[in-house]
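# got a structure for you, letters missing:
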């Protein structure tokens with residue numbers, strides 16, 4: 001019995017030691033242990049089976065994968081390849097790094113990643129920058145490297161640089177392409193539209209935004225229009241003016257050098273719509289949430305909120321919601337005493353966007369207020385509520 005008691009005591013001591021070790025063992029989280037230390041991987045998942053992991057490739061020591069894109073090179077027969085932009089030894093403050101790479105993978109049988117080659121695009125001392133954006137562009141790969149934009153063709157051992165556009169205001173953050181145009185969003189100076197001149201094999205700046213916006217995401221609406229989200233919580237729609245790109249490509253070759261390099265000679269983008277969401281917009285996409293429904297602009301914020309901007313297709317809808325918004329604005333309670341329109345115009349005046357949250361507050365107003373608003377709009381309360389429900393059903 002005494003031996004048995006001794007044995008139980010030793011087991012308890014071992015359990016206590018295990019508990020102490022578990023509590024004292026540092027568990028590395030997503031934050032690097034020290035500046036310049038990174039851990040990253042490329043994971044291939046199957047969304048049809050609950051995002052089951054098919055393959056996982058670990059990056060090298062202190063290497064972080066910052067962006068990726070699917071690219072189809074004409075020289076490889078149009079096969080879909082995975083391009084990954086990586087940076088090694090990056091520190092955030094001050095922002096510096098040792099080197100940047102573009103890594104190409106081949107998806108074998110849809111289940112495994114096969115490394116093709118690695119291309120060093122910046123060694124950290126040439127004044128380039130990290131690779132933050134990649135996009136497929138006319139059978140080639142367009143890469144945003146710091147303040148420059150490069151077009152690469154696939155080679156046997158590495159990517160081959162074809163042309164480059166330098167001198168962008170700040171680091172390239174987002175990239176999209178359509179036809180011979182590239183839509184470039186940088187970290188501080190908003191959007192630049194770039195066109196590729198195939199005859200001269202060069203990238204030409206077509207137009208830029210007149211207002212500075214720290215771009216976080218963008219979504220292409222058509223070949224001339226793009227929607228952007230910034231760090232200040234604004235969603236803005238920008239459009240290229242008609243005929244602005246006609247003078248971008250100099251066919252005759254007689255354009256003066258000082259004319260093409262002047263700041264005021266570059267056309268400016270037109271601001272179509274502006275709306276203050278109130279939170280940092282992290283993603284934008286154009287999609288339809290119902291089968292056969294019209295497309296809407298869906299946005300996601302940093303706190304996980306999901307919202308949508310629904311385009312109006314008739315003048316009647318515009319007039320109805322404009323009138324409803326103006327009437328509800330004077331009736332809705334204000335806990336903070338602030339005007340809703342001034343909030344939606346926090347950084348720049350709201351333009352061509354109806355506050356849907358404010359219009360939806362019509363259903364929560366007292367009966368007398370609802371009747372008063374309906375009478376002023378020359379409609380019944382039921383018609384106003386039905387119009388609101390129809391607009392919701394078009395979206396969801």
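That came through fine. Keep in mind that what you see is a predicted model, and the values were worked out from it rather than measured.
# so what's residue 146 closest to, chain neighbours aside?
The shortest distance from residue 146 to any non-neighbouring residue, by CB to CB, 6 or more residues apart in numbering, is to residue 129 (2.0 Å). For every residue, glycine as well, the C-beta is placed using N, CA and C.
# give me every residue that touches the one you found.
By CB atoms under 8 Å, 6 or more residues apart in numbering, the residues touching residue 129 are 97, 100, 122, 145-148, 171.
# show the buried residues in those.
Buried members of these, scored by 16 or more other CB atoms under 10 Å, are 97, 100, 122, 145-148, 171.
# show me which of those is closest to residue 374.
residue 171 (52.0 Å; CB to CB).
# neighbours around the closest residue to that closest one other than its chain neighbours, how many?
Nearest residue to residue 171, sequence neighbours excluded (CB to CB, 6+ apart): residue 187, at 5.0 Å. Neighbours of residue 187 under the rule other CB atoms under 10 Å: 18.
# how about the one 10 residues further on?
The burial metric for residue 197, expressed as a neighbour count using other CB under 10 Å, is 15.
# I figured it hits residue 206, correct?
No: with contact defined as CB atoms under 8 Å, residue 197 does not reach residue 206; the gap is 10.6 Å.
# find me the pLDDT at the residue nearest to residue 146, would you?
Here, the pLDDT recorded for residue 129 equals 82.
# next one: residue 179
Reported pLDDT for residue 179: 87.
# go on, residue 87?
Listed pLDDT for residue 87 reads 91.
# ok, and the closest non-adjacent residue to it?
Using CB to CB, 6+ apart, the closest residue to residue 87 is residue 130 (4.2 Å).
# thought that neighbour was touching residue 89?
No: the criterion here is CB under 8 Å, and residue 130 misses it with residue 89 at 10.6 Å.
# what's the overlap in contacts for the two?
In contact with both residue 130 and residue 89: residue 97, using CB under 8 Å, 6+ apart.
# between those two, who's got more neighbours?
A side-by-side neighbour count of residue 130 and residue 89, using other CB under 10 Å, places residue 130 first with 25 against 17.
# ok, the more buried one - contacts?
66, 85, 87, 90, 97, 100, 122, 145-146, 171.
# buried residues in stretch 68-84?
Going by 16+ other CB under 10 Å, stretch 68-84 has these buried residues: 69, 71, 73, 81-84.
# repeat that for stretch 334-350.
Judged by neighbour count using 16+ other CB under 10 Å, the buried positions of stretch 334-350 are 340, 344-345, 350.
# hang on, the earlier thing: need the contacts of residue 130 in a markdown table with distance to residue 155 and secondary structure, can you?
Rendered in a markdown table, the data for those read as follows (distance: CB to CB, whole Å; DSSP: H, G, I helix; E, B strand; the rest coil):
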| residue | distance to residue 155 | secondary structure |
| --- | --- | --- |
| 66 | 23 | strand |
| 85 | 18 | strand |
| 87 | 22 | strand |
| 90 | 26 | coil |
| 97 | 24 | coil |
| 100 | 18 | strand |
| 122 | 18 | strand |
| 145 | 17 | strand |
| 146 | 22 | coil |
| 171 | 26 | coil |
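# what's the lowest-pLDDT member of the residues you listed?
The member of the contacts of residue 130 with the lowest pLDDT is residue 122, at 80.
# beta partners for it?
Bridge pairing for residue 122 (DSSP bridges) gives the partners residue 100.
# list the contacts of it.
97, 99-100, 128-131, 145-146.
# same thing but at 10 Å, please
Contact analysis of residue 122 by CB atoms under 10 Å, 6 or more residues apart in numbering lists 87, 97-102, 128-131, 145-146, 148, 150.
# try residue 272
Counting by CB under 10 Å, 6+ apart, residue 272 has contacts 221, 225, 227, 236-239, 351-353.
# of those residues, just the buried ones, ChimeraX syntax please.
Selecting the buried subset of the contacts of residue 272 in ChimeraX, with 16+ other CB under 10 Å as the burial test, is done by:
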select :221,225,227,236,237,238,239,353
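# farthest-apart pair in the contacts of residue 272, please.
221 and 351 (15.9 Å).
# ok, back up a step: JSON lines for the buried residues of stretch 68-84, including pLDDT and secondary structure?
Shown next, in JSON lines, are those (pLDDT from 0 to 100; DSSP: H, G, I helix; E, B strand; the rest coil):
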{"residue": "69", "pLDDT": "93", "secondary structure": "strand"}
{"residue": "71", "pLDDT": "92", "secondary structure": "strand"}
{"residue": "73", "pLDDT": "90", "secondary structure": "coil"}
{"residue": "81", "pLDDT": "91", "secondary structure": "strand"}
{"residue": "82", "pLDDT": "92", "secondary structure": "strand"}
{"residue": "83", "pLDDT": "93", "secondary structure": "strand"}
{"residue": "84", "pLDDT": "93", "secondary structure": "strand"}
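# CSV for those, including distance to residue 289?
Below are the buried residues of stretch 68-84 laid out as CSV (distance: CB to CB, whole Å):
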residue, distance to residue 289
69, 26
71, 29
73, 35
81, 32
82, 29
83, 30
84, 31
